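Enquirer: Prediction below, plus the sequence it came from.
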Amino acid sequence: MNAIRTVVLLATLAAPAASQEKPIAKPQAPEQTISIEFRGGSLADYVAAVRAAGDSVNILLSPLASEVHLPSLVLKNVAVESALDAVTDIVRSDLGINVRRHRGNTGSPVYSVGVRQRPRQPSQTTQGSSSRVVEVFSMSTLTDELADVPKGPGLTVKPETILSAIETGLGISQEKEKAVIRFHADSGLLFVQGSRAQQDIVRGVLSRMRADVLLRRASAVQATGVRRSGSAGDPQSPVEEKRAR
């Protein structure tokens, strides 16, 4: 009997001690901070700059990112998520950017940047008609040279070439009233007053031309990297091959 009482007493004394033990939380790695000096360009260019400024930054990007224009900006010692989320308020009003952070128990986080077209709201022009609206498009991503892209034919497009392509597209439209187009050279902005169908033609021309230019720029950057890798001293270098001859 005394033995039973002793066991019960020991169990009673051990219970509070066990209840006070708490699981030790695994310390999380400090969030990575970056600094960026962005000279302006598309959202895709900006995400590439964020990746380059960080260490193994994982970002999933919407295909529409190349159609989103961002102004130049400078960020100092900010978290990656903050750098991505900060640009959501400085894009065109008809576009929405959604930034999400996905993080598991281990490993680095993954960020996803989605781009969606917001529902268009009826807009009245000075003539009081809701069927014709004014929209603003940026042409600077097509006309301006980038510092990290080599110069060459086809890597930029002259403003008159872009305007000619737009006028050609609008010329086959079935709209009775012609669209009004004004280009502001200093800012690289294109103002278009017209119907929704005419605006879609302008948007389609710019999107197609931008995609073609981005492809040519990517090929030029890749070709430049290949040429730089074949430097003097490399047995496969064209310079060494010429000397050997």
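Expert: Perfect, I can see it now.

Enquirer: CA atoms for contacts and neighbours, from now on please.
Expert: OK.

Enquirer: How is this structure partitioned into domains?
Expert: Per the record, the chain has its domains at 33-117, 133-228, by automatic domain parsing.

Enquirer: measure the shortest one end to end?
Expert: One end of domain 33-117 to the other measures 30 Å (Cα to Cα, to the nearest Å).

Enquirer: hmm, back to that, where among the domains of the chain is average confidence lowest?
Expert: For the domains of the chain, mean pLDDT drops lowest on domain 33-117, to a mean of 82.

Enquirer: list the contacts for Gln32?
Expert: 54-55, 79-80 (Cα atoms under 8 Å, 6 or more residues apart in numbering).

Enquirer: where do the strands sit along this structure?
Expert: With strands called from DSSP state E, the chain shows them at 33-38, 41-42, 58-61, 69-70, 73-79, 95-102, 110-117, 133-138, 180-184, 189-194.

Enquirer: packing partners for the fourth one?
Expert: Helices and strands in packing contact with strand 69-70 are listed as strand 41-42, helix 43-53; criterion 3 or more Cα pairs under 8 Å, 6 or more residues apart in numbering; DSSP states H and E.

Enquirer: and what of the fifth one?
Expert: Of the remaining helices and strands, those touching strand 73-79 by 3+ Cα pairs under 8 Å, 6+ apart are strand 33-38.

Enquirer: Check the last one too.
Expert: The criterion is 3+ Cα pairs under 8 Å, 6+ apart, and the helices and strands that strand 189-194 contacts are strand 133-138, strand 180-184.
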